[in-house]
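Trainee: sequence first, predicted coordinates after that:
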Amino acid sequence: MKLDLFKQRDDYSWEIPARGSMRVPAIIYADRALIEAMDDKVYQQVVNVATLPGIVDYAYAMPDAHWGYGFPIGGVAAFDADAGGVISAGGVGFDISCGVRCLHTGLVADDIALARDALAEELYQRVPAGVGSTGHIHLGAKEMDAMLNGGAKWAVSRGYGSLEDLERIEERGCMRGADPAQVSEKARHRQRNEMGTLGSGNHYLEVQYIDRIYDEPIAAAFGLRQGDALVSIHCGSRGLGHQIGTEFLRLMATTASQHGIVLPDRELACAPIKSDTGQSYLGAMRAAINCALANRQIITHLTRQAFEVIFPGSRLPLLYDVSHNTCKLETHRKDGRARQLYVHRKGATRAFGPGHAELPADLREAGQPVLIGGSMGTCSYILAGTAESEQRAFSSACHGAGRAMSRRQATRQWRGREVVDELRRQGIIVRSPSLRGVAEEAPSAYKDVAAVVDAADRAGLARKVARVRPLVCVKG
Amino acid sequence: MTTPGWEHLEHGADIGVRGCGASLAEAFTQAALSMSSIVTDLDKIDASESVDIECEAPDFELLLVDWLNEIVYQMATRNMLFGRFDVQINDHRLLARLYGETADPGKHQPAVEIKGATFTELKVYQTDAGDWVAQCVVDV
């Protein structure tokens, strides 16, 4: 993008002053190189978001922002329901509550190295991955409702994990206000065989180790030491979330004009929070958040079973579980005033700072763990919410790398087998049902997540704590 | 792009489908082929089973989104891949028969599942030469 489109506020924030139908200005957080390389579409999309009714303060884009559906991916926007604020299915995305969960293992990299292939095989056998893979749990109508109301809390009550897991999940593992009655039969049908599955695309389960610590005191508070082995799980609400996204995007696109909303683009489909459509979507989306939390909880259980086989007696407590496609009602303070706002994060991670009441007591002083997934074979990062994050972007940070090239370009450039062999030479074992999928997800098909994380750190969105490298990757 | 034919649109995170044909139904058929080819190579899909579907929408663009999303739904819930489509469109109502088979990871090497068709780059139009074009970005 051309820099003369912006009013530069500091080295890492770029403002688009309100003009035309923009109700508020917009801010993109990025360093100069990232913003120059950013797609022009991000500019247009963040400007479009700024025109929506009831938007508060600014429309934001994170350092990893790229072209999305209506909202940019990496977009953050808060709305005041009392000021006619809206909720947008595109502002949440199709994979509702897609997110990352990180587990401690009590092991170190050398332990994993001794049993790497056996562990990869055990995880691959137990955690269903890839297109059309089915889980071992098939929910009837009543149990589906219980899952949609209860999230990870439901999963724990059915024997998948322990109560202490819930403390380390946003919303304590259960999104309040879910309304399973708003979840269509089609959405339920798509989920029937998909509980406890990873999915495909950029979703993965990785065994990783910490190769660098940036902030010792916070790392200590998170229980992280150099060389520690971790497990990261990246997946979302599976077919149920996708179907809810599909249905409400259409409904909101066709009914916006009835609510007097002028859409600069049909894909910006939204509805007033205080409307039947808005409330219906909120209830369905919250049910899908619970579906994602339950899904990651079940996969956690399967992961623990696999570790028990290879490393008997091992314990895998949660570091944390974050979602990066959500709209949540939160209290935010500005100018000494507390406001209840509906915060959309599309491809953006919540990043509550130290002292936030939502954080579990043992993390409260350090701030919220912010888990940033890399792509297959590349580093991931653990950050922490900062005190200034709330003023920056309603306590939000980036979520990942974003693609550098299309899937087609990637398959032209690499063959899946070569990618698997090359990663093995680097000490990374990849297991996937699809070699074509592996080629499309080749490490170099993604942007460098390090630059994005550095920009988030320097912009004050979240503080860098540790870098992790993969050892084993189960890929959908 | 030849007529009839299909191609993929470049999109940063995802991928777009575009179908072209002498009729609207042909363009929709080609757009569906474009979508199936995101998942696997079309020549790997045997047309051994069929599924009938129908959809209706207030305009052609919404009809395209509904059509692609109905295929996504059938793929997901039947665990099938489709490689041939017979499509009829009357006014804003679409009737179709999808031909395909159960997905087999070994045979098809399915690369990615489709989450849904979006309104991004959504266009259905007739060219000056009279051909129909149907396109949108799909979320993968």
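Mentor: That came through fine. Quick caveat: nothing in here was measured; it's all calculated off a predicted structure.

Trainee: drop to CA atoms for contacts and neighbour counts, all remaining ones
Mentor: Will do.

Trainee: need the nearest residue in space to residue A:295, chain neighbours excluded.
Mentor: Sequence neighbours aside, residue A:196 is the residue nearest to residue A:295 in space, at 4.9 Å (criterion: CA to CA, 6 or more residues apart in numbering or on different chains).

Trainee: any idea how many residues pack against that neighbour?
Mentor: Residue A:196: 30 surrounding residues under other CA atoms under 10 Å in any protein chain shown.

Trainee: hang on, it packs against residue A:303?
Mentor: No - assessed by CA atoms under 8 Å, residue A:196 is found out of contact with residue A:303, at 10.7 Å.

Trainee: overlap in contacts, the two.
Mentor: Taking CA atoms under 8 Å, 6 or more residues apart in numbering or on different chains as the contact rule, residue A:196 and residue A:303 both touch residue A:127.

Trainee: what's the local residue count around the residue of chain B found nearest chain A?
Mentor: Nearest residue of chain B to chain A, counting by CA to the nearest CA: residue B:111, 3.9 Å away. The criterion is other CA under 10 Å. On that basis, residue B:111 has 28 neighbouring residues.

Trainee: tell me the confidence at it?
Mentor: Confidence at residue B:111, expressed as pLDDT, is 88.

Trainee: nearest spatial neighbour of it, chain-adjacent residues omitted?
Mentor: Nearest non-adjacent residue to residue B:111 (CA to CA, 6+ apart): residue A:437, at 3.9 Å.

Trainee: so which elements touch whichever strand or helix holds the one you found?
Mentor: Taking DSSP states H and E as the criterion, residue A:437 maps to helix A:435-440. Where contact means 3 or more CA pairs under 8 Å, 6 or more residues apart in numbering or on different chains; DSSP states H and E, helix A:435-440 is packed against helix A:407-413, helix A:416-425.

Trainee: hey, least reliable of these by pLDDT?
Mentor: Sorting these by mean pLDDT places helix A:407-413 lowest, at a mean of 88.

Trainee: mind listing what's buried in it?
Mentor: Counting neighbours by 16 or more other CA atoms under 10 Å in any protein chain shown, one finds that the buried residues in helix A:407-413 are A:407, A:410, A:411.

Trainee: next one: stretch A:331-348
Mentor: Those buried within stretch A:331-348 under the rule 16+ other CA under 10 Å are A:332, A:340, A:341, A:342, A:343, A:344, A:345, A:346, A:347, A:348.

Trainee: distance check, residue A:436 against residue B:8.
Mentor: 17 Å (CA to CA, to the nearest Å).

Trainee: and residue A:243, how many neighbours?
Mentor: 30.

Trainee: swap that for residue B:47, sorry
Mentor: Around residue B:47 there are 16 other residues, counting by other CA under 10 Å.

Trainee: kindly state the pLDDT recorded for it?
Mentor: 94.

Trainee: secondary structure element holding it?
Mentor: Using DSSP H and E, residue B:47 maps to neither a helix nor a strand.

Trainee: contact partners for it?
Mentor: When the contact criterion is CA under 8 Å, 6+ apart, the partners of residue B:47 are B:82, B:83, B:84, B:99, B:100, B:101.

Trainee: nearest residue to the first one other than its sequence neighbours?
Mentor: It stands for residue B:82. If the residues on either side of it in the chain are set aside, residue B:82 comes closest to residue B:100, at 4.0 Å by CA to CA, 6+ apart.

Trainee: in the top helix by length along chain B, what's buried?
Mentor: Secondary structure of chain B per DSSP state H: the longest helix is helix B:60-78. Within helix B:60-78, the residues that qualify as buried are B:60-77, counting by 16+ other CA under 10 Å.

Trainee: stretch A:220-233 too?
Mentor: Result for stretch A:220-233 [16+ other CA under 10 Å]: buried residues A:222, A:224, A:225, A:226, A:227, A:228, A:229, A:230, A:231, A:232, A:233.

Trainee: ok, back up a step: check contacts around the residue nearest to residue A:295.
Mentor: Residues in contact with residue A:196 (CA under 8 Å, 6+ apart) are A:127, A:128, A:135, A:136, A:137, A:294, A:295, A:296, A:297, A:298, A:299.

Trainee: show me what from the stretch 51-200 of chain A comes close to chain B.
Mentor: A:66-70, A:94-95, A:130-132, A:186, A:189-190, A:199-200 (CA under 8 Å from any CA of the partner chain).

Trainee: residue A:240 is in contact with residue A:191, correct?
Mentor: Yes - using CA under 8 Å, residue A:191 makes contact with residue A:240 at a distance of 5.1 Å.

Trainee: these two: which is more packed in?
Mentor: residue A:240 (32 against 25).

Trainee: distance of the more buried one relative to chain B?
Mentor: 10 Å (CA to the nearest CA, to the nearest Å).

Trainee: and the nearest residue to that residue once chain neighbours are set aside, what helix or strand is that in?
Mentor: Closest residue in space to residue A:240, ignoring its immediate chain neighbours: residue A:187 at 4.5 Å, by CA to CA, 6+ apart. Taking DSSP H and E as the criterion, residue A:187 maps to helix A:185-191.

Trainee: ditto for residue B:85
Mentor: Element membership for residue B:85, per DSSP H and E: strand B:80-90.

Trainee: next one: residue B:120
Mentor: Counting by DSSP H and E, residue B:120 is part of no helix or strand.

Trainee: which ones are touching it?
Mentor: With contacts defined as CA under 8 Å, 6+ apart, residue B:120 is in contact with A:69, A:70, A:267, B:136, B:137.

Trainee: closest to residue A:287 out of these?
Mentor: Closest to residue A:287 out of these is residue A:69 (21.7 Å), distances taken as CA to CA.

Trainee: thinking again about what came up before, how far out from the middle of the chain is the helix holding residue A:437?
Mentor: With CA atoms, centre = their mean, to the nearest Å as the basis, helix A:435-440 stands 22 Å off its chain's centre.
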